[in-house]
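Chemist: no FASTA, just this:
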């Protein structure tokens, strides 16, 4: 049976660490990178007699995310104990939400080759993080760092509406962008503040029911998400076509081998023996809080993209690139305001040059010292004919590295464009005199030789000649 006879059914569970200064049920810091077990207290260590107290900021952030994802915000939700044993879970249970989550029945819109697609959000609920197991690669004892225990998380569970790895990546990128835009998460997949699990199954096209699904845990990059899903789709199709049965289980992705490997059998909800958390009262969210949070929501990525297309006359693609990162979108708008004209030109320079310079830097646009005002100053030098495009790129690289003003770099490196017609004509005369054979070819009708002369004159002027003036002077000399 051909691969095209099957379709994938994919849902994502995303855990987003909320950007609060303290943990969800205690006052311990959530700062990343502290020495192991230095940010703990009796509450997050689960010591007898300690009682959790809900962080109000966590609730506000949860409502904020729910509204951004078009969810219904429950007026009444309940915390529950999710019971399981693992070394990084000091209490022997995780405080989460189960039957009555804070947010539910939302959606997120993604772009696909067939157009916009609405992916349902089943629920988004609050919970605490577990600690972290530290394993010795040399085979020594494993240790546990409980700094993360009690860090506030929002788990966002999509409906099984995703049909390919590309759609899954697009969904996660859009979700990450929303989280960063509304200021509740830093979007850092590598540090674990944003973690993704993928539930994958396959079925024959035309089937309406669902076959057995497999969960792939802790996919910490867009590339790994795509690779893991693609491998798992092919693996499951092969199992079914060979007459086997896909086993419901949890798998891990081996990035080096590019395969998923079995980790453990998949638990069901009843395996966790959920019951209401007796140490926390039901959470009540009044309409006044929801209204206040709704009023404070910023412009979201898709809204901003539509405005960029409308207001700045950008293509949908260019606008999508700029708004994917809020810091880049802000940089772009500041540069447009500083330049005062032609937003399309600014977009081209930001997308093709500024983003190229910061591509490998984890700090993103914040890493560049070519601030929006300096980019605008560079574009004005281009407009005035004082530099050409090649020099502008070289100047931008120096400004990016040093933070110097574009004009100062231009002068220091002698990159100012030669616009003196007399100087250009002298360079043209020298080149023509040095290349009589090519001149004869040109005058015999081989007009393509003009490009050779153009290149030689620009070399004579060390690349700084005004191309328009050079071309005009060269034509006058060759045709005379």
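Modeler: Cool, got the structure. Here the structure is a predicted model, which is why all the values come from computation and not from measurement.

Chemist: make it CA atoms for all contacts and neighbour counts henceforth
Modeler: Will do.

Chemist: helix or strand: which one has the residue nearest to the spatial centre of the chain?
Modeler: With distances taken as C-alpha atoms, centre = their mean, residue 173 lies nearest the centre of the chain, 5.3 Å away. If you go by DSSP states H and E, residue 173 is part of helix 165-181.

Chemist: what mean pLDDT does that helix have?
Modeler: Across helix 165-181, pLDDT averages out at 97.

Chemist: next secondary structure after that helix?
Modeler: By DSSP H and E, the next helix or strand past helix 165-181 is strand 194-204.

Chemist: how far off centre is the helix or strand just after that next one?
Modeler: Later in the chain than strand 194-204, the nearest helix or strand by DSSP H and E is strand 214-219. Its chain's average C-alpha position is 20 Å from that of strand 214-219, according to C-alpha atoms, centre = their mean, to the nearest Å.

Chemist: so for strand 214-219, mean pLDDT?
Modeler: On average, the pLDDT along strand 214-219 is 92.

Chemist: what about the helices in the stretch 301-450 of the chain?
Modeler: For the stretch 301-450 of the chain, the helices defined by DSSP state H, counting those that start in this stretch occupy 301-312, 316-323, 326-339, 343-349, 355-357, 372-383, 389-402, 406-412, 421-434, 436-443, 449-460.

Chemist: nearest to residue 19, out of the ones you listed?
Modeler: Among the helices of the stretch 301-450 of the chain, helix 326-339 comes nearest to residue 19, with 16.2 Å by C-alpha to C-alpha.

Chemist: report the buried residues of the closest one.
Modeler: Of the residues in helix 326-339, 326, 328, 329, 331, 332, 333, 334, 335, 336, 339 count as buried by neighbour count, 16 or more other C-alpha atoms under 10 Å.

Chemist: and the pLDDT at residue 384?
Modeler: For residue 384, pLDDT reads 88.

Chemist: next: the one 5 residues further on.
Modeler: For residue 389, the pLDDT comes out at 87.

Chemist: quick check: the gap between it and residue 342.
Modeler: 16 Å (C-alpha to C-alpha, to the nearest Å).

Chemist: mean confidence score for the longest strand along the chain?
Modeler: Secondary structure of the chain per DSSP state E: the longest strand is strand 115-128. Averaging pLDDT along strand 115-128 yields 97.

Chemist: that strand vs helix 165-181, what angle?
Modeler: If you take axes from the mean of the first three to the mean of the last three C-alpha atoms, to 10 degrees, strand 115-128 sits at 60 degrees to helix 165-181.

Chemist: flag every buried residue along strand 115-128.
Modeler: 117, 119, 120, 121, 122, 123, 124, 125, 126, 127, 128.

Chemist: likewise stretch 51-67?
Modeler: In stretch 51-67, counting by 16+ other C-alpha under 10 Å, buried: 52, 54-55, 57-67.

Chemist: which one of those residues is nearest residue 211?
Modeler: The closest of the buried residues of stretch 51-67 to residue 211 turns out to be residue 66 (C-alpha to C-alpha; 29.7 Å).

Chemist: how far does stretch 127-144 sit from its chain's centre?
Modeler: Its chain's C-alpha centre and that of stretch 127-144 lie 28 Å apart, by C-alpha atoms, centre = their mean.

Chemist: end-to-end on that stretch?
Modeler: Across stretch 127-144, first to last residue, C-alpha to C-alpha, it's 20 Å.
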